[in-house]
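Visitor: from the sequence below, what's the structure:
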Amino acid sequence: MSTATRIDPPLSIDDRVVTPRARTVARRGLFWAGVAGVCIIVVAATLLLTRGAASSGLLLDPASAAPTGAKAVAEVLRDQGVDVILPDGFDEALAASAQPGTTLAIHDPSGYLTGNRLTELAGEAGDVVLLSPGFRHLQALTPGVRAAGPANPDTALDADCTQDAAGRAGTISPGPTFAVSDDSDATGCFPADTGGFGLLSIPDGADTIRVLGPSELLSNDLVILHGNAALGLGLLGGTDRLVWYLPSIADVEASGPPSIAELTPTWLVPVTSLLGITVLVAMFWRGRRLGPLVAEDLPVTVPAGETMEGRARLYQRSAARTRAVDALRIGAVGRLGNALGLSRHASVSEVSDAVASALGRDPREVRGILLENLPSSERDVVALSDALRDLEAAIAVAVDPRPPTSAR
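Guide: Next up is the predicted model:
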């Protein structure tokens, strides 16, 4: 009987390629591309956050031509003969405000000045204009004034008062408003639906303290709307000298060693948060690819003998006798089942019974060889291996239909 020889199909070009293809390289580089993209987002967000944190210094800065600056109003005041002074710190602002005929404009959205410093400044200056003051400013200089909330942003505020600056302006852009107590002698202009006013004037002896709620109307991008320019020039240009003071963190009075929060940069928390989120996303993205191990072809051909010997040495080194015997039994059971014509889904018990029936041997003995006997030493492993080999040889002879050949 001739035996057909199996001829494997020739390897395709893709199977013989060893160098990674462009698609493979691109797939591997996808992770690093994602990391680079996240880093770019982190840097952009950091720039935006730090710029946002520093924007308070540019807001209504008379030296800034940015949309949030107030250089337009300052330049017009200078053209009208007003000496606009921009002090660098509290001491310089205090000295400049002490000269007669000086109007002091304070914009301190971050609340750097304490109540004592505010009182000291207002006592030295003549007229004072508070631009969008906070609670501390109101408590120190105008105790009867309280915040009333922002006005309707879609409706301009009408003057509705007899003050010259407000009357010339007519209408202004809406914004924060302030209310006064019933017993206050303050004059309110630009009433809003909040029950407050956009501008309050409070007498302070021979001088006047004015509280302007929607101070953004002095900015370069809003001063051209409504009567914003007329009101800004009227409030800030009432005298020949204007001290436009924007307090900074350098004006904060030191009351002790700085805390951790004061020493921490403003960008640290958002940046570390974004980095933490990036790490978690990368872990989730890459971690979900680590599933159970799968069998795949090796890129090179390894002789079966070397593989068997290497695995045997690993079993021997770790004293994994049971695992080694299981590997031998799995292979033997599969080959015995194929030789007896059993289904590949047949259980070990079914294969054991079939082997015992074909060989006329005790089923318990065969079952012990194929399933139940456990090795306690390497000698037992060798003995079970020999027993499995003998079973396969006996089954091969039992199922071979050819008559035995006579010896010559």
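
Visitor: based on its surroundings, how many neighbours for residue 208?
Guide: Neighbour count of residue 208, defined by other Cβ atoms under 10 Å: 18. Where C-beta positions appear, they are placed from N, C-alpha and C, glycine not excepted.

Visitor: go on, residue 211?
Guide: Residues near residue 211, counting by other Cβ under 10 Å: 28.

Visitor: ok, and the closest non-adjacent residue to it?
Guide: Nearest residue to residue 211 in three dimensions, chain neighbours excluded: residue 200, at 4.3 Å (Cβ to Cβ, 6 or more residues apart in numbering).

Visitor: helix/strand/coil for that neighbour?
Guide: strand (DSSP: H, G, I helix; E, B strand; the rest coil).

Visitor: just checking, it touches residue 191?
Guide: No - applying Cβ atoms under 8 Å, one finds residue 200 not in contact with residue 191, separated by 10.8 Å.

Visitor: so between those two, which is more surrounded?
Guide: A count of neighbours by other Cβ under 10 Å puts residue 200 above the other of residue 200 and residue 191, at 25 against 19.

Visitor: show me what that one bridges to in the sheet.
Guide: residue 188, residue 211 (DSSP bridges).

Visitor: which residues does it contact?
Guide: With contact set as Cβ atoms under 8 Å, 6 or more residues apart in numbering, residue 200 has these partners: 142, 145, 178, 180, 186, 187, 188, 189, 210, 211.

Visitor: from residue 212, how far off is residue 137?
Guide: Distance from residue 137 to residue 212, counting by Cβ to Cβ, to the nearest Å: 12 Å.

Visitor: okay, the two: which has more neighbours?
Guide: Taking neighbours as other Cβ under 10 Å, residue 137 and residue 212 compare with residue 212 leading, 28 against 22.

Visitor: per-residue confidence for that one?
Guide: On the pLDDT scale, residue 212 is placed at 95.

Visitor: with residue 11 instead?
Guide: On the pLDDT scale, residue 11 is placed at 43.

Visitor: before we move on, the earlier item: overlap in contacts, residue 200 and residue 191.
Guide: Here residue 200 and residue 191 share no contacting residue, scored by Cβ under 8 Å, 6+ apart.

Visitor: quick revisit: redo the contacts of residue 200 as TSV? Include distance to residue 310.
Guide: As requested, the contacts of residue 200 are exported to TSV (distance: Cβ to Cβ, whole Å):
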residue	distance to residue 310
142	89
145	88
178	85
180	92
186	94
187	97
188	93
189	93
210	91
211	87
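
Visitor: ok, and the most crowded of the residues you listed?
Guide: Neighbour counts for the contacts of residue 200 (other Cβ under 10 Å) peak at residue 211, which has 28 neighbours.

Visitor: now for residue 327: which residues touch it?
Guide: Contact analysis of residue 327 by Cβ under 8 Å, 6+ apart lists 311, 315.

Visitor: SS state for residue 178?
Guide: For residue 178, the assignment made with three-state DSSP gives strand.

Visitor: so it touches residue 145, yeah?
Guide: Yes - the pair residue 178 / residue 145 is scored as a contact, 5.3 Å apart, by Cβ under 8 Å.

Visitor: which neighbours do the two share?
Guide: 138, 200, 211.

Visitor: excluding sequence neighbours, find me the nearest residue to the first one.
Guide: Spatially, and ignoring its direct neighbours in sequence, residue 138 is nearest to residue 145 (5.0 Å; Cβ to Cβ, 6+ apart).
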